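*Asks:* need a structure here:
(one chain, ligands or ions: 1)
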Amino acid sequence: SDSGLIVSFGEMLIDFVPTVSGVSLAEAPGFLKAPGGAPANVAIAVTRLGGKAAFVGKLGDDEFGHMLAGILKENGVNGDGINFDQGARTALAFVTLRADGDREFMFYRNPSADMLLKPEELNLELIRSAKAFHYGSISLIVEPCRSAHLKAMEVAKDAGALLSYDPNLRLPLWPSAEEARVQIMSIWDKAEVIKVSDVELEFLTGSDKIDDESALSLWHPNLKLLLVTLGEKGCRYYTKHFKGSVDAFHVKTVDTTGAGDSFVGALLTKVVDDHSILEDEARLREVLKFANACGAITTTKKGAIPALPTETEVLSLLDA
Ligand code: ADP
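*Replies:* Numbers count the residues shown, from 1 in each chain. Here you go, the predicted model:
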């Protein structure tokens, strides 16, 4: 396609999901391998909608790392920014929703390959060709990938890319909640588009109110668009000149994994070639309706990547 390149930076890993729901990890009779990692999900969300995407990050030079690189390739994501670490292994996560309703996590990260990307390993030519550059915050947790993240952001910005940030809080990965808050906010004022969930809004503001006042307390002068996603309640949007909300679609939800990544991928696909949409409320609302539809469809199937919709699927929900 002729659309501008969206480069997504960060982690990619494998989630091991119990084959039976409502059990603890120790009781699981078996696991399904689900490729994940928010930045990788976003890249695939873009290509599935017909946009152009590249993933920048590090994988282990092992069976899992090559499996993940293959999934990106199969989905048409440019892999020229992928490095393979010769020592560390690909990150693995074991996640289950137990019968008591609590989520239980276990991670293979000591450290995993994704955390070992070095600034000098970045494919700068690829990053400079980005029209939009998207990232999360997990890559800020430790060095050297923190420095790689900061450098990639700077290079993309200097080359004129639209910077897009979804902090995508994964509290169990951080040494402490305070550290997570400090690091997430340390790059806050660089991004022009920021998407937070209602849970992240509460976490970052320290208030249990989800309203305009709490959202706008996160506003900064470089921002063009702040989005708060609210699951089945849709999303709220804030710009310098207007604010409002767009309702969600009613669907049969089976697994919400990846809904936020699908939403962000859709938004970036629609604005990458025309940033002026961010200043035009009517057009922005159309784009957010499209992004809500993508998020909704993603919740109707298990897993993140297998559930990301094509443009045809989205249009049929919009026409329904
Ligand atoms: P995150 O995955 O980052 O927590 P959300 O769960 O809020 O983000 O999902 C992102 C978007 O996906 C929402 O704004 C909404 O449009 C859509 N979505 C998520 N969950 C549902 C749902 N249960 N029903 C319909 N749409 C949903």
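*Asks:* I figured Leu223 was touching Glu192, is that so?
*Replies:* Yes. Leu223 lies in contact with Glu192 (Cβ atoms under 8 Å); the separation is 6.3 Å. All C-beta atoms are positioned from the backbone trio N, CA, C, and that covers glycine.
*Asks:* on contacts alone, who are the packing partners of the helix-or-strand element of the chain with minimal mean pLDDT?
*Replies:* When each helix and strand of the chain is scored by mean pLDDT, DSSP states H and E, strand 103-108 comes last, with a mean of 85. For strand 103-108, the contact count by 3 or more Cβ pairs under 8 Å, 6 or more residues apart in numbering; DSSP states H and E identifies strand 92-97 as packing neighbours.
*Asks:* buried set for the strand it packs on?
*Replies:* Judged by neighbour count (16 or more other Cβ atoms under 10 Å), strand 92-97 contains these buried residues: 92-96.
*Asks:* can you list the residues of this structure near the ligand?
*Replies:* 197, 229-232, 234-235, 248-249, 251, 253, 256, 259-260, 263, 292, 295-296, 299 (Cβ under 6 Å from any ligand atom).
*Asks:* Are any of those buried, and if so which?
*Replies:* The neighbour-count test (16+ other Cβ under 10 Å) marks 197, 229-231, 234-235, 248-249, 256, 259-260, 263, 292, 295-296, 299 as buried among those.
*Asks:* Check those residues and tell me the two furthest apart.
*Replies:* Largest separation among those by Cβ to Cβ: Ser197 and Phe249, giving 17.4 Å.
*Asks:* And the helices in the stretch 51-200 of the chain, which stretches?
*Replies:* Counting by DSSP state H, counting those that start in this stretch, the stretch 51-200 of the chain has these helices, from start to end: 63-74, 124-128, 145-158, 177-186, 198-205.
*Asks:* Can you lay out these as a markdown table showing mean neighbour count?
*Replies:* Listed next are the helices of the stretch 51-200 of the chain as a markdown table, based on neighbours: other Cβ atoms under 10 Å:
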| stretch | mean neighbour count |
| --- | --- |
| helix 63-74 | 17 |
| helix 124-128 | 16 |
| helix 145-158 | 20 |
| helix 177-186 | 15 |
| helix 198-205 | 18 |
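*Asks:* what mean pLDDT would you report for the longest helix seen in the chain?
*Replies:* In the chain, taking DSSP state H as the definition, the longest helix is helix 281-298. For helix 281-298, the mean pLDDT works out to 98.
*Asks:* what's in contact with the next helix or strand after it?
*Replies:* Per DSSP states H and E, the first helix or strand lying C-terminal to helix 281-298 is helix 311-319. Outside of helix 311-319, the residues within contact range by Cβ atoms under 8 Å, 6 or more residues apart in numbering are 49-50, 249, 251, 266, 289-290, 293-294, 296-297.
*Asks:* Of the residues you listed, which is the nearest to the ligand?
*Replies:* Of all the contacts of helix 311-319, the ligand sits closest to Ala296, with 3.6 Å by Cβ to the nearest ligand atom.
*Asks:* correct me, but that closest one touches Lys252?
*Replies:* No. At 9.8 Å, Ala296 and Lys252 do not qualify as touching, with contact defined as Cβ under 8 Å.
*Asks:* centroid residue for the protein?
*Replies:* Ala38 (3.6 Å; Cα atoms, centre = their mean).
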